[in-house]
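Coordinates only, no sequence provided:
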C-alpha cells in the first residue's frame, strides 16, 4: 500500500481509493466496491476524516466529500513536519533540563545519599546499587546502552539481574546502537533479552547511558565519556521526568533488533549514513564520529569514501555542499 508510510492502514487506503474512483459513493456503495464490512468502512471513514482526507459535503446533507491526494497528502506531511519540530523542541528542552539538573548534583559526596540523590564512585558502588534497585523493581526498567560493544564484565553483571526481573514479569526495554550487530557477544546478549521477553531496539545515535527504574529512579554517568568515573542515582521527579522524555524520543525513532536496514526512498541513505553525514557536516572528526556511532575508525572512513563517490565529491567540504543541495542533510 502506497500510503502506509504515512501511517494509514491498508483498509483505510482501500476506502480512500474507492472514494477517489467513485466520489458519490454512499456507505452501501463502498461496501460493494471494497468488499469490506459496514463496520470496517465506517471505521475507515472516521480515520479519513481525522486525517482530513474526507470532509463534510456541502451538497449532500450528512455526506462526505473526498479531498484530492495532492491537497490531503500535503496537509498530512505539513502536520507531521510541525509535530516533528515540536517534538524536537521538547527533546532539546528535556536534554537541557536533564543536563542542568545532573550538573547541580555533581558536588555530592561519594556514595552518600543526600536529598533523594546519591553519587556513586567506583564500579563496586554502582553494581551494588544496581543490585538493590533490580530487586526492588516492580514494573519496568528502561536502559540506554550506547557505544556498540558492551564489556564482557558488564554483560556478566547484567545477566542475573535481567533474568530475575524477566522471571518476575518486569518489562525490560533496552536501546543499543546499530553497531551492536558487529559485536557477537553483545548481539547474543540482546537476542537473549528478546527471547526471554525483553524488548530491544537499535539506532545509529543514542542519548548518554542511563537506567530508569519504575519511572521513579534514574542512574546516569557522572561523565558520559568515562562511565567508570562514577554515576549519579537520583529520585528527583524533575530529573527523572526529563530523562524519560529523552528516552521515549529515542525509543520512538529506533527499530527492533534484527529489523532489516532500510534506505530512505528519497535519498537512498540508511539512517546510519545520514547520521554520519550530519556529524561530519558539523565539523566532527572521523575519530569523534566513530566514537559517537559506536563503530570503528576504518568503518567511518570507508562509509565516507562511499558517500563521497555517490555525491561525486573530491573533498569533505564539497561533499557537505552537495549533500545539502540534494536535501540529504
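Received it, and whenever you're ready, just let me know what you need. Nothing here was measured: the structure is a model prediction, and the numbers come from that model. Residues are numbered from 1 along each chain as shown.

C-alpha from now on. contacts and neighbour counts both.
Fine.

ok but residue 208 is inside a strand, no?
No. According to DSSP: H, G, I helix; E, B strand; the rest coil, the state of residue 208 is coil, so it is not within a strand.

Check the contact between it and residue 175; I expect there is one.
No. The pair residue 208 / residue 175 is not scored as a contact, 10.8 Å apart, by Cα atoms under 8 Å.

For residue 35, see how far away residue 200 is.
39 Å (Cα to Cα, to the nearest Å).

brain fart, residue 140
43 Å.

Neighbour count: those two, which is higher?
In terms of neighbours (other Cα atoms under 10 Å), residue 140 is the more surrounded of residue 140 and residue 35; the figures are 17 against 13.

What residues are bridge-paired with that one?
Residue 140 has the following beta-bridge partners by DSSP bridges: residue 171.

what secondary structure does the most far-flung residue of the chain relative to its centre sit in?
In the chain, the greatest distance from the average C-alpha position (Cα atoms, centre = their mean) is reached by residue 59, at 45.1 Å. Recorded secondary structure, residue 59: coil (three-state DSSP).

Which pLDDT value goes with it?
According to the predicted model, the pLDDT of residue 59 comes to 73.

The one 4 residues further on now?
We note a pLDDT of 74 for residue 63 in this prediction.

That one: neighbour count?
For residue 63, the count of nearby residues is 15 (other Cα under 10 Å).

Now do the helices in the chain.
Assigned helices in the chain, in chain order: 10-21, 27-34, 38-50, 69-104, 123-136, 152-167, 184-195, 237-253, 271-281, 286-293, 297-311, 316-325 (criterion: DSSP state H).

Tell me the buried residues in the second one?
Within helix 27-34, the residues that count as buried by 16 or more other Cα atoms under 10 Å are 30, 31.

other SSEs contacting it?
Other elements packing on helix 27-34 under the criterion 3 or more Cα pairs under 8 Å, 6 or more residues apart in numbering; DSSP states H and E are helix 10-21, helix 38-50.

Mind listing what's buried along the last one?
Neighbour counts using 16+ other Cα under 10 Å place 41, 42, 44, 45, 47, 48, 49 of helix 38-50 among the buried residues.

can I get those in TSV with distance to residue 272 and pLDDT?
Below are those laid out as TSV (distance: Cα to Cα, whole Å; pLDDT from 0 to 100):
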residue	distance to residue 272	pLDDT
41	40	84
42	41	87
44	36	85
45	38	84
47	33	82
48	34	83
49	36	82
